[in-house]
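Undergrad: just a sequence and a predicted model for now, questions to come.
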Amino acid sequence: MKRIAVSLVAGVGLAGVIAAVTLPSGGTGAVASAQATPQAPAPSPRSAWEVRGNTPYLPVKDEPPPRLIVDEPLPDGLAIGVIWIQYRTENCRILPVFGKEALNLSPRVGHLHVRVDDLPWLWADTSDNNTVDIGGMPPGEHKVTITLVDPTHQPYPGQSKTVKFTVPKGAAPPH
């Protein structure tokens, strides 16, 4: 009886190997597609430098100017009065570093100033979590201005973006 069980297991394993070897490239064998499409080769992984930029251990020669890229608010939160605005920076690391001495750091550092609806106050965001998060927004038209600033709170030239949006009437506040 033991020999039969071992033979069955070996046979099933051999059948799996044969099936894997004979399947077309990229196929799983579970379901055959009506139209076969060639599979593109997997892209090689991007290097850490390509994704994260320069190392903080070496100065950057001829560092290009900083750049702020801001998306429209994510629609998922608008219905409940929550605003999520994703952003990213180029040639500037978002860090909680302040003061005149920090202007000499390379790669460059800074943070964000966030202003809602032209109110006379704003807040500094040093988190670099890629999303400005504002809760409790009432229904109606609004705007949020995000400015990339240096460690002394001075705006980097041309790096301020305003996003306009509408929180729908009847937006249920988050619990």
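TA: Perfect, thanks for sending it. Keep in mind that what you see is a predicted model, and the values were worked out from it rather than measured.
Undergrad: just the residues contacting the longest strand belonging to the chain, thanks.
TA: As assigned by DSSP state E, the longest strand anywhere in the chain is strand 155-167. Here strand 155-167 makes contact (Cβ atoms under 8 Å, 6 or more residues apart in numbering) with 65-68, 70, 72-73, 78, 81, 83, 85, 87, 92, 110, 113, 137-150. Any C-beta I mention is one placed from the backbone N, CA and C, and that applies to glycine too.
Undergrad: the bottom helix or strand of the protein by mean pLDDT?
TA: Ranked by mean pLDDT, DSSP states H and E, the weakest helix or strand in the chain is helix 2-22, scoring a mean of 42.
Undergrad: state the next helix or strand along the chain beyond that helix.
TA: helix 48-52 (DSSP states H and E).
Undergrad: just give me how far that following helix sits from the chain centre.
TA: 14 Å (Cα atoms, centre = their mean, to the nearest Å).
Undergrad: just checking, what packs against the helix or strand just after that helix?
TA: Next helix or strand after helix 48-52 toward the C-terminus (DSSP H and E): strand 67-70. With contacts taken as 3 or more Cβ pairs under 8 Å, 6 or more residues apart in numbering; DSSP states H and E, strand 67-70 sits against strand 83-90, strand 140-149, strand 155-167.
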